[in-house]
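Colleague: 3D model of this:
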Amino acid sequence: MLGKFFQSLKAPKPGELPDPDAELAFGALLVRVAKSDSEYQISEISLIDRILARLYQHNAVEAAKIRATCEKLHAAAPDTDTFAKLIRETTSIEERLAALDALWEVVLADGIQNDNEFRVVEEARAAMGLSQIDSEKSRERASHSV
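Modeller: As a prediction, this is how the structure comes out:
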């Protein structure tokens, strides 16, 4: 199922999207959370860049390029589960928990949370195979880092 979806993202032109790996899937989830309240703010964009740099050891320019690719993947992807399942299938529990922490960081970044943001995080949490307790602990950790 995932293979067919990712193949559908491919376009036969020079600017085609890459096959998502865990990093791109995670970045697309971060973008999805940030955009879910219909206000994609510069503070959220810069936070996503910092998270990608921190978790994947990129410099600022590399992180921004990856985020731009993730924005395109987010726009092309039909649902949150696709990215979250890819993360679940290709990363350790520690990496999934770190991803959940980062999703909560983005939700909390602008100081205003809404139901759409919560829904995206909840869908991602479930698809990544994490518990509600994991989510509560992640949210608590993220609230201390924002």
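Colleague: show me where pLDDT drops low in this protein?
Modeller: 1-19, 78, 146 (pLDDT under 70).
Colleague: So Gly129, which state does it fall into?
Modeller: When classified by DSSP: H, G, I helix; E, B strand; the rest coil, Gly129 comes out as coil.
Colleague: Excluding sequence neighbours, find me the nearest residue to Arg96.
Modeller: Met128 (4.8 Å; C-beta to C-beta, 6 or more residues apart in numbering). C-beta: built from backbone N, CA, C; applies to glycine.
Colleague: So the one you found versus Gln113, what's the distance?
Modeller: From Met128 across to Gln113, the span is 20 Å (C-beta to C-beta, to the nearest Å).
Colleague: And these two? Which one has more around it.
Modeller: Met128 (27 against 15; other C-beta atoms under 10 Å).
Colleague: got the contact list for the more buried one?
Modeller: Shown in contact with Met128 (C-beta atoms under 8 Å, 6 or more residues apart in numbering): Ala84, Lys85, Ile87, Arg88, Arg96, Ala99, Leu100.
Colleague: Ok, Leu30 next?
Modeller: Here Leu30 is in contact with Ile48, Ile51, Leu52, Arg67, Cys70, Ala102, Leu103, Val106 (C-beta under 8 Å, 6+ apart).
Colleague: what do you get if the cut-off is 6 Å, keeping everything else the same?
Modeller: By C-beta atoms under 6 Å, 6 or more residues apart in numbering, the contact set of Leu30 is Ile48, Val106.
Colleague: Send me the host helix or strand of it as CSV with only the CA atoms.
Modeller: Leu30 is part of helix 22-35, with elements assigned from DSSP states H and E. Extracted C-alpha coordinates of helix 22-35, given in CSV (Å, rounded to 0.1, in the frame of the first residue of the first chain):
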residue,chain,number,x,y,z
ALA,A,22,11.5,8.5,7.8
GLU,A,23,13.1,11.9,7.8
LEU,A,24,11.0,13.3,5.0
ALA,A,25,7.8,11.6,6.4
PHE,A,26,8.6,13.1,9.8
GLY,A,27,9.2,16.6,8.3
ALA,A,28,5.9,16.3,6.3
LEU,A,29,4.1,15.5,9.6
LEU,A,30,5.7,18.6,11.2
VAL,A,31,4.5,20.7,8.3
ARG,A,32,1.0,19.1,8.5
VAL,A,33,0.7,20.0,12.2
ALA,A,34,1.9,23.5,11.6
LYS,A,35,-0.5,24.1,8.7
